[in-house]
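Colleague: Return atomic coordinates for the entry below.
(chains A and B, ligands or ions: 2)
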Amino acid sequence: MALLEIKDLHASVADKPILKGINLTIKPGEVHALMGPNGSGKSTLSNVLAGNEAYVKTRGQVLFNGVDIDDLAAHERACAGMFLAFQYPVEIAGISNMYFLKAAVNAVRKYQGRDQLDAMDFLDLIEEKKKVVTIRDDLLERAVNSGFSGGEKKRNEIFQMAMLEPKLGILDETDSGLDIDALRVVADGVNALRNEERGFLVITHYQRLLDYIVPDHVHVLVDGQIVKSGGKELALELEDEGYTSWDSE
Amino acid sequence: MKIEDEKSFDELGDKEYKYGFVTDIESDSLPPGLNEDIVRAISKRKDEPEWLTDWRVKAYHHWTTLEEPTWAKVEFPPIDYQALSYYSAPKQKIDAPKSLDEIDPELLETYKKLGIPLHEQEVFAGVVAVDAVFDSVSVATTFKGKLEEMGIIFGSFSDAVKEHPELVKKYLGSVVPYKDNYYATLNSAVFSDGSFCYVPPGVRCPMELSTYFRINAANTGQFERTLLIADEGAYVSYLEGCTAPQRDENQLHAAVVELVAHKDAQIKYSTVQNWYPGDKDGKGGIYNFVTKRGHCRGDNSKISWTQVETGSAITWKYPSCILKGDNSVGEFYSVAVTNNMQQADTGTKMIHIGKNTSSTIISKGISAGKAQNSYRGMVKVVETAENARNFSQCDSMLIGDQCGAHTFPYIDVSNPTAQVEHEATTTKIGEDQIFYCNQRGLDTEEAVTMIVNGFCKEVFRELPMEFAVEAQKLLGISLEGSVG
Ligand SMILES: Nc1ncnc2c1ncn2[C@@H]1O[C@H](COP(=O)(O)OP(=O)(O)OP(=O)(O)O)[C@@H](O)[C@H]1O
Ligand SMILES: [Mg+2]
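Modeller: Ligands and ions are numbered 1, 2, ... in the order given. Model (predicted):
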């Protein structure tokens, strides 16, 4: 069974149609890269998938693990294993990153019928995941994303992903704003999480990231439609030629 | 607002109002209505000394000359003071529910969420009287014995009047004089009972007072009177109220709390107020009109107020500090939550009189539904207060777009060496924040609770640990259904 199956998906934001018939299937273990010009609808797609209510699905069907996502609220999709690393992670004042993560991990475990982690087990999990995605302790102790630099926020997203061990990771421009070392850390983290079951949708503007996270498939989104799909070499072509060939349409 | 000292007691000497005593006091409750006979009857029932009866009567006569204040940003239909009953025995009422089956299921659901044991639920819901379920008498006595060894007096106000009349006489009305304001004056005339605490010089009270009295607090009645005194170098932390929503037929609550801190003494006073807020349309619900004031009487004394207000239909409350002693410190930490049709007008007054006095005000107002939440704070620095310092921070959070938050700071500085800082912010709880939490597996209610708790953190960390945990849960429950 496919992990994610998107069929003829149309969606609007503020009554404006953005997605205009998307078809995409991600199987367990696959990494798909999604590229496309600014404003083409990449973040819209990730928001629709994750259940942001500001984005309205107007047509089509999306199955996640065979379940129609219309039947799942945003938090249920997360608990069922969908993770979105935000293009613009949100700050929450007064709540430590650790506290937030513990609440998140336990919410997901509860949904999945697993035991709640107590403080000790949770700290053990943190230590284990710090080996996958290194992160400074002070970032874990500070309020969620508050005053984090752009790069620190992105790193934090990937750390959260490691902690939550999702089935599908959607990375919305996680590489933007990362210095070369941070890019490595993030890419290594994602690669460490790659396995037979887990799938990824990696949204990026740059071939550079795909040198580290090598995709199985690359798709080009222009004006709310996937205009071309191919293997990893498609990203290289785009790097050379840009999106100009689709401009006239 | 007048600042009176022990002076107000001098006036007790003249007994200009002397009326005969008529009302028959055989029944368990007095008839509705308020007049001098009723006031005397209340005092007689409580077997009070003459000076206290006279004080009540004077308060009553003064009250008849006052008008209800109208400056607060709250609206409610006029209260018919003659229709209220001013005394009923603190025992179980005849028309009380017979079992939990008769209680509003929503209320029971809330008890469950707060993790309140069944026998305590019965007390809060008014099904049974305190002594019937809980061995509070023996708990209270062992506890009291321990305190007595240290010379700490702690018990009901009525007991204190009988056992320590000289202390009550010395301090009652010395912080909130009977002439203070409409509701305080009414309270002075008809107060039912409350707590009294005296901590002798140099003694540090080893426990949070009233933790053991969580249940008893449910029965304190509508005109509560509390008096806390920390003598030289003493320390006491007092917890008032409880997190369980309390059912009460009395709509009007007008309590008075007086705190006195002598030289080098410290009082920490924490409140969680969760009276019935009324239904979604604003029907029912308690009107909570409270006067709370602390007097830092001696040098280097300190008084902190921490409050979490989630209940009541209307809250009118301004815990204040009079910083008379040199180097004295006043603090006010407040979270006020209003949802649905609730209205809160709350804040503080910091009155700097002594040299090098300092005060801190941290106020967090949260409004949801159609609620209105106002912060009203006064910082007054009189001429004598050299080098006074104040820092005020008032943050408001709005949930939804039908509610309101208002800030009314009054700053009155008569000494040029004073430093007064005021910061205010208003934020809307963001859909993007909620979605972010949702995307990490938290449902919307958990998300709102988390975001709001983060917003209130600076106040919660001032609360004693176990109280803080309950207060956080309570906040979530109060805001249930406010988003999505
Ligand atoms: N909340 C919103 N309100 C109005 N318009 C929106 C909103 N969100 C997105 N849009 C519009 O939808 C279109 C697609 O935006 P989207 O964020 O999906 O693009 P993107 O492909 O992620 O672009 P980028 O590469 O710049 O991140 C844009 O024209 C954008 O202005
Ligand atoms: Mg985008």
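Colleague: got a list of what the residue in chain A that ligand 2 sits nearest to touches?
Modeller: Distances from chain A to ligand 2, computed as Cβ to the ion, single out residue A:43 as the nearest residue at 3.1 Å. (C-beta placed from N, C-alpha, C; glycine too.) Listed by Cβ atoms under 8 Å, 6 or more residues apart in numbering or on different chains, the contact set of residue A:43 reads A:87, A:172, A:173, A:203.
Colleague: same check, this time on residue B:352
Modeller: With contacts defined as Cβ under 8 Å, 6+ apart, the neighbours of residue B:352 are B:323, B:359, B:379, B:380, B:381, B:382, B:385, B:388, B:390, B:418.
Colleague: Show me the shaky parts of the chain.
Modeller: Answering for chain A, as no chain was given. A:246-249 (pLDDT under 70).
Colleague: Switch to chain B, please.
Modeller: Along chain B, the model assigns pLDDT under 70 to residues B:1-30, B:87-100, B:102-143, B:210-221, B:241-250, B:279-280, B:282-284, B:466, B:481-484.
Colleague: who's the residue positioned nearest the centre of it bridged to?
Modeller: Centrality entry for chain B: nearest residue to the mean C-alpha point is residue B:290, 6.0 Å, by Cα atoms, centre = their mean. Partner residues in beta bridges with residue B:290, using DSSP bridges, are residue B:317.
Colleague: Verify the stated contact: it with residue B:252.
Modeller: No. Counting by Cβ atoms under 8 Å, residue B:290 stays clear of residue B:252, with 11.1 Å between them.
Colleague: How much space separates the residue of chain A closest to ligand 2 from chain B?
Modeller: Between residue A:43 and chain B the distance is 12 Å, computed by Cβ to the nearest Cβ, to the nearest Å.
Colleague: Is that residue located within a helix, as I assumed?
Modeller: Yes. The secondary structure assignment for residue A:43 places it in a helix, going by DSSP: H, G, I helix; E, B strand; the rest coil.
Colleague: can you tell me how far it sits from residue A:201?
Modeller: As defined by Cβ to Cβ, to the nearest Å, residue A:43 lies at a distance of 12 Å from residue A:201.
Colleague: What helix or strand is the residue of the stretch 351-484 of chain B found nearest ligand 2 located in?
Modeller: Closest approach between the stretch 351-484 of chain B and ligand 2, counting by Cβ to the ion: residue B:432, at 14.0 Å. Of the helices and strands defined by DSSP states H and E, residue B:432 is found in helix B:431-439.
Colleague: Can you give the distance of that helix from its chain's centre?
Modeller: Average the C-alpha atoms of helix B:431-439, do the same for its chain, and the two points are 35 Å apart (Cα atoms, centre = their mean, to the nearest Å).
Colleague: burial measure for residue A:113, as a count.
Modeller: Residues lying near residue A:113 (other Cβ atoms under 10 Å in any protein chain shown) number 6.
Colleague: before we move on, what about residue A:184?
Modeller: Other residues near residue A:184 come to 12 when the count uses other Cβ under 10 Å.
Colleague: cool, and residue B:182?
Modeller: Here the count is done by other Cβ under 10 Å, and residue B:182 has 16 residues near it.
Colleague: Is it correct that it is in contact with residue B:67?
Modeller: Yes. Taking Cβ under 8 Å as the definition, residue B:182 is a contact partner of residue B:67 at 7.1 Å.
Colleague: those strands in chain A, which residues are they?
Modeller: The residue ranges that make up the strands of chain A, judged by DSSP state E, are A:4-13, A:16-26, A:31-35, A:55-64, A:67-68, A:82-85, A:168-172, A:199-203, A:217-222, A:225-230.
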